Each structure stands twice: as structure tokens, then as C-alpha cells.
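Novice: Sharing a model prediction with you, sequence too.
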Amino acid sequence: MTTEQRAPDTSITATKMVIGGELVDAADGQTFQVSNPARGVVMATAPQGGKEDVDRAVKAATAAFEDPTGWSSWSAAKRGRTLMKLSNLVKEHLEELAQLESRNGGKPISGARGEVLGASLVFEYYAGAANKVFGETIPVSKPGLDFTLREPIGVVGLIVPWNFPMLMASWKLGPALAAGNTCILKPASYTPLTAIRLGELALEAGFPPGVVNVVTGPGGTAGAALAAHPGVGKIAFTGETTTGQEIMRLASGTIKKVTLELGGKSPNIVFADADIERFAKESPYAVFDNAGQDCCARSRIFVQRSVHEQVVQLFAQATRNVKVGDPADEATEMGSLISFKQRDRVLDYVGIGREEGAELVVGGTAPEGEAFAGGAYVLPTVFDNARNDMRICAEEIFGPVVSIIPFDSEEEAVRMANDTPYGLSGSIWSRDIGRALRVARGVRAGVLSVNCNSSVHTEAPFGGYKMSGIGRELGMHAIDMYTELKNVYVDLT
């Protein structure tokens, strides 16, 4: 079934945007369809917001920010308590939100539950962080007192992707709200449903009208209007690098603050002295989780030549054991891709890899059988004997495809790992901690793991080098990205 041939679901939900504390349709009444990619059916409609709707949201967010008794004037402790209420509401509605996320994104229900729980924990973290945003006193040469203040930016636009919709929304809303900003959340058109529900829960938690607004619609209209709007003081975006470049251009007209979390082509470096069996057991999920639609995916595996054959054998077997299936099945480990368009893109790259001379070891096709016929599925795919200059190794595929590349020396591994325009994440496997730390220092990436594949910790900064982005999310570092730094000097003479 192609994108154009999707059949409607038996129960299609009509959703609304959240603007100024009200549930509203698009100003022109237009809607778009929201699909379940694992079944190839339409499951909902959402308002197709545009420039007029963004204007309405900015007006509401500005009024909420400028209200002298409103959100930004609340004590940090009170803002924190409201964020904690939102965290608790997300937990209370965990199953409802997880089912929405699973159906709308084609992801396994077990993974969707983990992501929703993760979102609630992000809100919990920033609830506790709200009253821990400090300035500093600075000794200066003149006889006076110099100190700094961290103040909210104002209205911020938050544009989130389709691969982790709920989780990415929390990464941006949490620190933005803790710092006292008012927000306009723009979800991806593929996956607007949990963002809309989150906007409703924010009202239930006690956020004043206009503090959390949700505008749905295409990136080229609603997203572009948000990025260019003179009433928006900062844009935070997660998504593909080319869109990030366009957002920078649009934001430059009013010199907005911009943070970007973009693409990646992350390395997984395996030395001969590593725990090979543990690597092979854990690392398939570092690239096949969420069907490979993850900017952190370790899609280039560099293996020291002396253990290359053993690693390929063990990794290939572990890949064959990944259970691909219906996202609603509790046993499923990998669901569908987000769309048939994305599936076709991934399969095109498989063909490119074969033409370039890489050896296809596992997968490379859509799974067979009636259970998969209507969905955008691709089997986990492993290429061996790839070269770092092949397109499958150089370009972000954003699907369940990994390439294995042999290397000889530590220096060669670092050089090849860095031979990419990206620099987001990666892993290093070695029992030699000195070597692991040398390589960690040498690899130009923002988030690295040793002897595991853990990229994300709520308490720690997340972000990339080079074309993987600007700024950091999570931890206390994220709050810096949503504040202005003011310096005040008091003359004491």
C-alpha cells in the first residue's frame, strides 16, 4: 500500500490546537490527515495551522509573558510545583499517551511507554531545577558590587520532530518553562497527537492560558512563520540538518537565539580487547531501536581487523534475533518506519550500498507476510566490508541500516570516526581505559559512551559538534539556553 492508498480507520479522531488556553481549529478551517504507519491507515485529523494561527499563538504567549501577575512573575518555586503537576499528569495518563505515540509513530508499545515515562521524568527534573537558577557576584576593579541575573527570554518557539515526539517536547518545554518563558510548541505533521494532548494536560496542571500553546501544521508554513516571527525571541529545533539551516536563515532576520539538535552519523568503535559478546548483544539496539530513526544511531561500526570476522558473525546473529512486528505486540522490538516515503528512502540506500560494493549480510528488504503488508516496514540491515567514503557510511539514512568498517590502529579509528560533517554521539568499546579515554578525547562529538550505548541522561548535557547542532539540551545547561544573562553594577562610592 502506498502513501496515496491509505485507508481510513474506523474511528478517526478530530483534534484541535491549543492557543491562549482554548482548543481551536485553524483560522481557515483546514485540516490534514494523521496516519498509523504500521497499518497504513488514517487515525486522526489535525488543524492545518499557518501564519495567522502562529500570529494568534504569539499574541497569546506575549500577553501571558507580559502579564504583571502572570507566569514569568511567579516565584520559581511556584513554577516548579506546576511543572511537577504536569509530570504527575503525564504519569497518570501514561498508557493513553503511549498508545497514541505507538500508533502514530509505528513504534513498539514497550518503547513508547518508556518514552512517555521519560518525558514525565524530564518535567520532574525541571520542576526541581526551577528554583536553582542562580546568578553570580563578580569581583571588579571599581569600588562597587557587580552581579548577574538569569532572566527568561520571553516567547520561545519549540519545533519538535516525529521520531520521539513526546520526549523531545519535554526536553524543550521543561527548561523553557522552568526559566519563566511562555511557549509555542510546533510538532511534526506526521506526529502531532501527543503534543496536542500535552497542551491539554498543561492547562489541567494549572499553567495560565497562553503559557503553553500548541500549533499544528506543515513545517514550510507554520514552522517557517514561527521561526521568522518578530515576536518570538528564541527557536529551539530538533530535526534534519537541512531544515536546521533554513531555520537559521529565517531566524536571522530578527537575530533570534537559536538552538539546534540535528543529524548524526555516529561511530561505534570496537577494539580487539573489548567484551565482544556484550557489544554484539547490546549494539543492535543502538541502531535498530525506533527502526533506526534516531539521530544518535550508531550506524557506522568500526571494528579492529583482528576481531572483525568474529564481530560480524555475532552482530549479524544478534540482528537476526531482533523481533520486528506489530507495534501493539508487547514482544515487538522494532516496528515500522514513520511513512512509506521513509521506507522507500531506506530501501533506496540499500540499493546504493550494494552498488557501491558493500556486502549485504542481513536484511535489506521489507519483511514478507500478511502482517506486514499494510505497513512501512524494513528489516534490520547489516552491511560488511564497507568503506567510510561510501554514501551509506557518509549520509544519514535514518533507518535500520548499519555499516561495518574494519580498521587497524587507534589513530585510524579516530580519523575515520571524525571523517563526517556530523558530530553528535558515539560509543567506544575497550577494556583499556586509557585507550578509551584517549579515543573519547579524539572523537569530535558531543556525547560519547564507553562500553555501552547510553547517550541520553536527563541530568547531563546533550548536543553535538559541527553540523549536528548548536547548544545543549537536558541538565542545567539547557536552562542557560532559555535565559538572557544580565549584568548589573552598583556603584558604592
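Specialist: Nice, thanks for sending it over.
Novice: from here on, contacts and neighbour counts on C-alpha atoms
Specialist: Noted.
Novice: So what touches stretch 169-176?
Specialist: Contact with stretch 169-176 is made by 83, 119-120, 122-123, 126-127, 156, 158, 160, 182-183, 185, 195, 236, 473-474, 478-479, 482, as judged by Cα atoms under 8 Å, 6 or more residues apart in numbering.
Novice: Quick one: mean pLDDT over it.
Specialist: The average pLDDT within stretch 169-176 is 98.
Novice: I'd like the next helix or strand past the helix or strand encompassing residue 112.
Specialist: Taking DSSP states H and E as the criterion, residue 112 maps to helix 109-129. For helix 109-129, the following helix or strand on the C-terminal side (DSSP H and E) is strand 137-138.
Novice: Can you list the strands that that following strand pairs with?
Specialist: strand 144-152 (antiparallel) (DSSP bridges).
Novice: residues of the strand it pairs with that come out buried?
Specialist: Using 16 or more other Cα atoms under 10 Å as the test for burial, strand 144-152 gives 146, 149, 150, 151, 152.
Novice: next structured bit after that strand?
Specialist: Downstream of strand 144-152 (by DSSP H and E), the next one is strand 155-159.
Novice: For the stretch 151-300 of the chain, which segments are assigned as strands?
Specialist: Taking DSSP state E, counting those that start in this stretch to define them, one finds strands in the stretch 151-300 of the chain at 155-159, 182-186, 212-214, 234-238, 257-261, 267-270, 300-304.
Novice: Could you check the angle the first one makes with strand 234-238?
Specialist: Looking back up the chat, that one is strand 155-159. Here the directions of strand 155-159 and strand 234-238 differ by 10 degrees (axes from the mean of the first three to the mean of the last three Cα atoms, to 10 degrees).
Novice: What of the fifth one?
Specialist: Angular relation of strand 257-261 and strand 234-238 on a 0 to 180 degree scale: 10 degrees, by the same axes, to 10 degrees.
Novice: Out of the buried residues of strand 144-152, which comes closest to residue 90?
Specialist: Distance to residue 90, by Cα to Cα, is smallest for residue 152 among the buried residues of strand 144-152, at 24.9 Å.
Novice: could you measure that closest one against residue 173, distance?
Specialist: Plainly put, residue 152 is 13 Å away from residue 173 if you go by Cα to Cα, to the nearest Å.
Novice: ditto for residue 118
Specialist: 13 Å.
Novice: Comparing the two, which residue is more hemmed in?
Specialist: Applying other Cα atoms under 10 Å to residue 118 and residue 173 shows that residue 173 carries more neighbours, namely 26 against 21.
Novice: Of all the strands of the stretch 151-300 of the chain, which one comes closest to residue 384?
Specialist: Across those (criterion: Cα to Cα), the nearest stretch is strand 300-304, sitting at 9.4 Å.
Novice: what helices or strands is the closest one leaning on?
Specialist: Here strand 300-304 touches strand 267-270, strand 401-407, going by 3 or more Cα pairs under 8 Å, 6 or more residues apart in numbering; DSSP states H and E.
Novice: average pLDDT across that strand?
Specialist: For strand 300-304, the mean pLDDT works out to 98.
Novice: cool, and stretch 135-147?
Specialist: Mean per-residue pLDDT for stretch 135-147: 96.
Novice: bridging residues for residue 466?
Specialist: Residues in beta-bridge contact with residue 466 (DSSP bridges): residue 422.
Novice: do you know how far it is from residue 269?
Specialist: 20 Å.
Novice: Looking at the two, which one has more neighbours?
Specialist: In this view residue 466 and residue 269 are compared by other Cα under 10 Å, and residue 269 has more residues nearby, 29 against 16.
Novice: what's that one in contact with, if anything?
Specialist: Residue 269 sits next to 301, 302, 303, 413, 426, 427, 428, 429 when contact means Cα under 8 Å, 6+ apart.
Novice: top of these by neighbour count?
Specialist: residue 426 (32 neighbours).
Novice: any idea how far the helix or strand containing it is from the chain center?
Specialist: Assessed by DSSP H and E, residue 426 sits inside strand 425-429. Distance, stretch centre to chain centre, for strand 425-429: 19 Å (Cα atoms, centre = their mean, to the nearest Å).
Novice: What is it packed up against?
Specialist: Here strand 425-429 touches strand 267-270, helix 433-442, strand 447-450, going by 3+ Cα pairs under 8 Å, 6+ apart.
Novice: Show me which positions of the longest one end up buried.
Specialist: Spelled out, that is helix 433-442. Within helix 433-442, the residues that qualify as buried are 436, 439, 440, counting by 16+ other Cα under 10 Å.
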